[in-house]
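In: quick one, fold the following:
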Amino acid sequence: MQLKSIITASVIAVLLTASSASIAGLKVGDKAPNFSLKDQNNLTHTLSDYEGQWIILYFYPKDDTPGCTTQACDFRDAVKRIIASKAEVFGLSLDSVASHKLFAEKFNLPFSLLADETGEVSKLYDSLRNLWFYKVAKRNTFIVGPKGNIAKIYLSVDPKTHSEMVLSDLSSLQKAAGKP
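Out: Numbering: from 1, shown residues only. From the prediction side, this is the model:
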């Protein structure tokens with residue numbers, strides 16, 4: 001029994017270490033990695049197509065789970081203010097286009113959910129949690145400025161209050177840039 005407890009504790013320690021790795025590869029000011037992904041309506045979105053706009057790119061683990069639903073609905077409820085800020089919001093997870101479609105319809109999400117089924121984009125943004133047999137996106141968010149550079153990085157956010165923090169920071173970033 002003691003050996004089983006030691007093995008279990010060791011596995012948990014390894015998983016926690018793997019899941020809490022910091023975003024050492026990306027920092028504010030870096031060019032945001034470009035991507036091309038399909039949304040819940042099977043439309044392709046390429047980051048470089050949005051040059052000149054502010055982009056909020058939030059990564060989340062799984063469609064229709066409690067924390068992810070809270071976060072998506074938080075952004076849904078703030079979307080009019082985000083649009084008024086001349087910004088575009090995208091949710092991104094490893095779920096499929098079909099899963100995103102069901103999730104978006106169930107909760108009336110008026111923004112694009114991007115399907116990163118291979119995890120390649122999540123990995124580019126150091127937002128992939130790889131637990132050997134199971135991969136999910138970490139709950140990280142990036143604000144990308146009009147020139148395509150990362151303006152703000154959020155790690156392990158609170159799904160309940162995150163959109164307010166993003167909107168506040170977006171406003172400050174836009175003011176500092178001198179224009180929306």
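
In: tell me the buried residues in stretch 98-113?
Out: Residues S99, H100, K101, F103, A104, L109, F111, S112, L113 are the ones in stretch 98-113 that count as buried (16 or more other CB atoms under 10 Å). All C-beta spots, glycine's among them, are computed from the backbone N, C-alpha and C.

In: residues contacting the third one?
Out: Looking back up the chat, that one is K101. By CB atoms under 8 Å, 6 or more residues apart in numbering, K101 lies in contact with Q40, N41.

In: mind checking which helix or strand of this structure has the lowest mean pLDDT?
Out: Lowest by mean pLDDT, DSSP states H and E among the helices and strands of the chain is helix 2-19, with a mean of 38.

In: check which helices and strands whichever helix or strand comes after that one sits against.
Out: Once helix 2-19 ends, the next helix or strand along the chain (criterion: DSSP states H and E) is strand 36-38. If contacts are counted by 3 or more CB pairs under 8 Å, 6 or more residues apart in numbering; DSSP states H and E, strand 36-38 sits against strand 44-46, strand 112-115.

In: make it 6 Å
Out: Judged by 3 or more CB pairs under 6 Å, 6 or more residues apart in numbering; DSSP states H and E, strand 36-38 is in contact with strand 44-46.

In: how far out from the middle of the chain is the strand it packs on?
Out: Strand 44-46 sits 15 Å away from the centroid of its parent chain (CA atoms, centre = their mean, to the nearest Å).

In: within its sheet, name the partner strands of it and how each one runs.
Out: Strand 44-46 pairs in its sheet with strand 36-38 (antiparallel), by DSSP bridges.

In: and the partner strand, which residues are buried?
Out: So strand 36-38, judged by 16+ other CB under 10 Å, has buried residues L37, K38.

In: now do the contacts for the residue nearest the centre of the chain.
Out: Nearest to the mean C-alpha position of the chain, counting by CA atoms, centre = their mean, stands F59 at 1.7 Å. Residues near F59 by CB atoms under 6 Å, 6 or more residues apart in numbering: L92, S127, A137, N140.
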